[in-house]
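Student: mind folding the following:
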Amino acid sequence: MATVVMEQIGRLFINAQQLRQIPQLLESAFPTLPCTVKVNDVPWVFRESHIFTGYRPPDQNWRYYFLTLFQRHNETVNVWTHLLASLIILVKFQEVSETVDFLRDPHAQPLFIVLLSAFTYLAFSALAHLLSSKSELSHYTFYFLDYVGVAVYQYGSALAHFYYVVEEEWHARVRGLFLPAAAFLAWLSCAGCCYGKYASPRLPKFAHKLFQVVPSGLAYCLDISPVLHRIYSCHRQGCTDQAVTYHCYQVVFFLVSAYFFAYPHPERWFPGCCDFIGQGHQIFHVFLVLCTLVQIEAVRLDYGERRPLYERLHGDLAHDAVALFIFTACCSALTAYYVRKRVRAHLEEKAE
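Tutor: As a prediction, the model looks like this:
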């Protein structure tokens, strides 16, 4: 009996030793990362207004920046908000695909596009905030990629709103212009953001913001018009459509997010106190994610409940709309690539 007890104690002792080795194993798998640095220790392009600490040092290897996904720095919240949201979109896509035949139902293609475009902008944004600190060229490259994602999502949203949400009265007014104008404004938004980023060292801060906000604002005014008309029509008729409720939330969440994108509050009120959490851009991310999620739920409801209307209004439009989506994405990507070449040439000239 005593021998058995001693054997059990010996096994427990060995297991305890193994447990003590776990932190060492984790440390070898995830090496100690360099500490974050202050604003004066990074080049100008990485600096954010009223954010003084939490910057990641540039010129590290790629592994370091991927591992900073688990480090506390001033971009951590921005990365995780859109990374988690992109995973939620994938789960939502899986749920929708169980009841919707994306391959055989042409009227489901706009729903597929808005899901794809939502995932694209969220994933590209997460990559931009995670990897842009490696170098100045990487900073521009990944944010240009982010702007391509935004343009893709703008057109995807416009298509879903026009296809599923629009009322017959508004459709009669804009049917010949809506999608081409939405595609052009989505590209213009990407081009404006890319140029504003490229020229930002030579522009006042407000001018840089104008290049980002004005084209995106024009695109939003067009893209959301079917939704606003639907809300107005529903209110006038006294309807109780659940999808309209979601659309109302979508508009409110977007307007809140737009405010925090345009105005860097609360860090402007409390400089240095929001370096890691509480930045206006983080709040912008959260409300934009909420906007996207309720938008997709509203569009999903409209896809299921308004089929007789959109089949009659649009006919075979879905195939042309998909082609225009691909064209918009390609034009935006080529524009971003061209501006990146200009940035690279400028940086090489500056290095000489």
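
Student: which residues touch residue 168?
Tutor: By C-beta atoms under 8 Å, 6 or more residues apart in numbering, the residues touching residue 168 are 309, 313. The C-beta positions use only the backbone N, C-alpha and C, and glycine is treated the same way.

Student: how far away is it from residue 312?
Tutor: 9 Å (C-beta to C-beta, to the nearest Å).

Student: list the contacts for the residue nearest to residue 34 when sequence neighbours are not counted?
Tutor: Spatial nearest neighbour of residue 34, excluding adjacent residues (C-beta to C-beta, 6 or more residues apart in numbering): residue 57 at 5.6 Å. Residues near residue 57 by C-beta under 8 Å, 6+ apart: 34, 36, 37, 41, 42, 133.

Student: quickly find the element holding residue 193.
Tutor: Assigned by DSSP states H and E, residue 193 falls within helix 178-199.

Student: list the buried residues of the next helix or strand after that helix.
Tutor: Downstream of helix 178-199, the first helix or strand assigned by DSSP H and E is helix 205-223. Within helix 205-223, the residues scored as buried using 16 or more other C-beta atoms under 10 Å are 208, 209, 211, 212, 213, 215, 216, 218, 219, 220, 222, 223.

Student: could you do stretch 131-148 as well?
Tutor: Neighbour counts over stretch 131-148 (16+ other C-beta under 10 Å) mark 131-136, 138-148 as buried.

Student: residues contacting the nearest residue to residue 68 once chain neighbours are set aside?
Tutor: Take residue 68 and drop its neighbours on the chain: the residue closest to it by C-beta to C-beta, 6+ apart is residue 56, 5.8 Å away. Residues in contact with residue 56 (C-beta under 8 Å, 6+ apart) are 34, 36, 37, 64, 65, 68, 71, 73, 75, 133.

Student: ramachandran angles for residue 56?
Tutor: Per-residue torsions, residue 56: phi -90, psi 140 (degrees, to the nearest 10).

Student: related to what we said a few turns ago, phi, psi for the residue nearest to residue 34 please.
Tutor: Dihedral angles (degrees, to the nearest 10) for residue 57: phi -70, psi 140.

Student: so of the buried residues of stretch 131-148, which ones are in helices?
Tutor: Among the buried residues of stretch 131-148, the ones falling in helices (DSSP state H) are 131, 136, 138-148.

Student: can you put these in TSV and add distance to residue 103?
Tutor: Putting these into TSV (distance: C-beta to C-beta, whole Å) gives the following:
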residue	distance to residue 103
131	34
136	44
138	38
139	39
140	38
141	34
142	33
143	35
144	32
145	28
146	30
147	31
148	26
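
Student: buried among the contacts of residue 57? Need that as a selection in PyMOL.
Tutor: Command for PyMOL, covering only those of the contacts of residue 57 found buried under the criterion 16+ other C-beta under 10 Å:
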select buried, resi 36+37+42+133
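
Student: nearest to residue 85 among the contacts of residue 57?
Tutor: Distances from residue 85 to the contacts of residue 57, taken as C-beta to C-beta, are shortest for residue 133 (21.3 Å).

Student: what sits against the closest one?
Tutor: So residue 133 contacts 42, 46, 55, 56, 57, 58, 65, 75, 139 (C-beta under 8 Å, 6+ apart).
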